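> for reference, the sequence and a predicted model appear below.
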Amino acid sequence: ETGVTQSPTHLIKTRGQQVTLRCSSQSGHNTVSWYQQALGQGPQFIFQYYREEENGRGNFPPRFSGLQFPNYSSELNVNALELDDSALYLCASSRSTLLAGGPSEQFFGPGTRLTVL
Amino acid sequence: SQQGEEDPQALSIQEGENATMNCSYKTSINNLQWYRQNSGRGLVHLILIRSNEREKHSGRLRVTLDTSKKSSSLLITASRAADTASYFCASNTGGFKTIFGAGTRLFVKA
């Protein structure tokens, strides 16, 4: 089991609502990435935060936004929820991605299962 | 699709047999990683192989990388029922983005 925690475990929202998901990084990790995993699919990269700044973004609309705090914990916010936002949301922490050779292994949290009705 | 591709999509074997999963990716990489996921929970990192490596071992796991074919394979030897899970490859080009494949669902029958 990794030291990455996520809350809540499950969440049910209705279309148009807003949601905030939280992630606590593993100790010593300064980089957090968020992923969306639809049922039966692989995780899709949403964005990454490094030292409180967005470090890169996948193919997700601006209504997906995030924050990273000084203690390296992170939030994912999704506005104007749509039915297709129903998925497992995973956060992963790692050491800096700026080192040569790319990022080190990522440690994933257990995920938040979001259902949009 | 941004994702790489994994083959097969699903694999069912008997305990004790070997399981081989393949992964293809689209662009040049810095490293490629393999993860396991049990029942829609968080992913567990298995092994990382860098672009200048061709083979790597970890316990019952063996990963190969062929950068000329943009492909990798994961071999699990002497499989156990506890190996039943989904397995994903994830490619990284050296930047912030890690691209996951769609996964192979492995079922090991006791």
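Nice, I can see it.

> in chain B, which helix or strand is least confident?
When each helix and strand of chain B is scored by mean pLDDT, DSSP states H and E, strand B:5-7 comes last, with a mean of 84.

> immediately after that strand, which helix or strand?
Per DSSP states H and E, the first helix or strand lying C-terminal to strand B:5-7 is strand B:10-14.

> in CSV, list the C-alpha atoms belonging to that following strand.
The C-alpha trace of strand B:10-14 is given here as CSV (Å, rounded to 0.1, in the frame of the first residue of the first chain):
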residue,chain,number,x,y,z
ALA,B,10,-7.9,-10.4,-22.0
LEU,B,11,-6.0,-13.5,-21.0
SER,B,12,-7.1,-16.6,-19.1
ILE,B,13,-4.5,-19.2,-18.0
GLN,B,14,-4.0,-21.9,-15.4
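
> without its sequence neighbours, what residue ends up closest to A:Gln26?
A:Gly3 (3.9 Å; Cβ to Cβ, 6 or more residues apart in numbering or on different chains). Glycine gets a C-beta too; all of them are placed from N, C-alpha and C.

> for beta bridges, what are the partners of the residue of chain A found nearest chain B?
Using Cβ to the nearest Cβ, the closest approach of chain A to chain B is made by A:Gly56 at 3.2 Å. Residues in a beta bridge with A:Gly56, per DSSP bridges, are A:Gln48.

> do I have it right that it meets B:Phe96?
Yes. Counting by Cβ atoms under 8 Å, A:Gly56 does reach B:Phe96; the two are 3.2 Å apart.

> name the residues contacting each of the two.
Shared contacts of A:Gly56 and B:Phe96, defined by Cβ atoms under 8 Å, 6 or more residues apart in numbering or on different chains, comprise A:Gln48.

> and those two? which has more neighbours close in?
Set A:Gly56 next to B:Phe96 and count neighbours by other Cβ atoms under 10 Å in any protein chain shown: B:Phe96 wins out with 22 against 14.

> near chain A, which residues of chain B?
By Cβ under 8 Å from any Cβ of the partner chain, the residues of chain B that approach chain A are B:2-3, B:30-31, B:33, B:35, B:40-45, B:48, B:50, B:88, B:92-103.

> and residue 18, how many neighbours does it have?
Picking chain A for this. A:Gln18 has 11 neighbours, counted by other Cβ under 10 Å.

> think we crossed wires, I meant chain B
B:Asn18: 12 neighbours (other Cβ under 10 Å).
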